[in-house]
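Participant: Return a 3D structure for these sequence lines:
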Amino acid sequence: MARIEDLPQATRDAVLSVPCPAFETTPFVSGPPLGRRRVAIVSSAALIRRGDMPFAFGSGECRFVAADTPPGDLLLSHVSINFDRAGWQRDINVVFPIDRLRDLAAMGEIGGVAETHYTVMGSTDPAAMDQAVDQIEGQLRQERIDSVLLSPV
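Facilitator: Predicted structure coming up:
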């Protein structure tokens, strides 16, 4: 991840001028102990299955990633000049920590791993993502997922 001071001035200005939304609700809620929670990943790496169309720059869409997708079938379509892909190329868990979640579930630290995970294009204006948020929320509710692991890129 790039440090703000390392970005080109035009990019830095653009990032710093994006408004941060205010939420009137409390973001944290109580729930079952972690050992009983089912966890899904939300990654901003714009992951795609081999052969799928890449995310368009600034796309507000989300895509679903099945938990049993073989790692070799996933590609990263994030389009930022500020993103170093070296970690991803060595270990998928850098942006999609599915193996770490499975480890935690096997140790009983979490209750289980979701069947469906989610990916969006990072560096997208949050105002363009309302439909994606609704899709993710709907699927989380359908699968009775009570926790998410945010994996920002």
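
Participant: ok, the residue most central in space within the chain - contacts?
Facilitator: Central residue of the chain (CA atoms, centre = their mean): Ser43, 1.3 Å from the mean position. Contact analysis of Ser43 by CB atoms under 8 Å, 6 or more residues apart in numbering lists Val65, Val95, Phe96, His117, Tyr118, Thr119, Val120, Ser151, Pro152, Val153. The way it works is simple: take the backbone N, C-alpha and C, and place the C-beta from them, glycine included.

Participant: which stretches of the chain aren't confidently modelled?
Facilitator: Along the chain, segments meeting pLDDT under 70 span 1-2, 27-29, 81-83.

Participant: Would you map the strands across it?
Facilitator: Using DSSP state E, the strands of the chain run over 38-43, 47-49, 62-66, 74-76, 112-113, 116-120, 147-151.

Participant: Deepest-packed of those, please.
Facilitator: strand 116-120 (a mean of 24; mean count of other CB atoms under 10 Å).

Participant: now that strand and strand 62-66, what's the angle there?
Facilitator: 150 degrees (axes from the mean of the first three to the mean of the last three CA atoms, to 10 degrees).

Participant: Name the strands paired with strand 116-120 and say parallel or antiparallel.
Facilitator: In the sheet, strand 116-120 lines up against strand 38-43 (parallel), strand 62-66 (antiparallel) (DSSP bridges).

Participant: With distance to Gln135 as added columns, please give the ones you listed in TSV.
Facilitator: Formatted as TSV, those follow (distance: least, CB to CB, whole Å):
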stretch	distance to Gln135
strand 38-43	11
strand 62-66	5
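
Participant: quick one, which of these is nearest to Gly112?
Facilitator: strand 38-43 (4.5 Å; CB to CB).

Participant: circling back: would TSV of the strands of the chain with distance to Gly31 be doable?
Facilitator: As requested, the strands of the chain are exported to TSV (distance: least, CB to CB, whole Å):
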stretch	distance to Gly31
strand 38-43	11
strand 47-49	27
strand 62-66	23
strand 74-76	29
strand 112-113	14
strand 116-120	19
strand 147-151	7
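
Participant: Nearest to Pro8, out of those?
Facilitator: Among the strands of the chain, strand 74-76 comes nearest to Pro8, with 22.0 Å by CB to CB.
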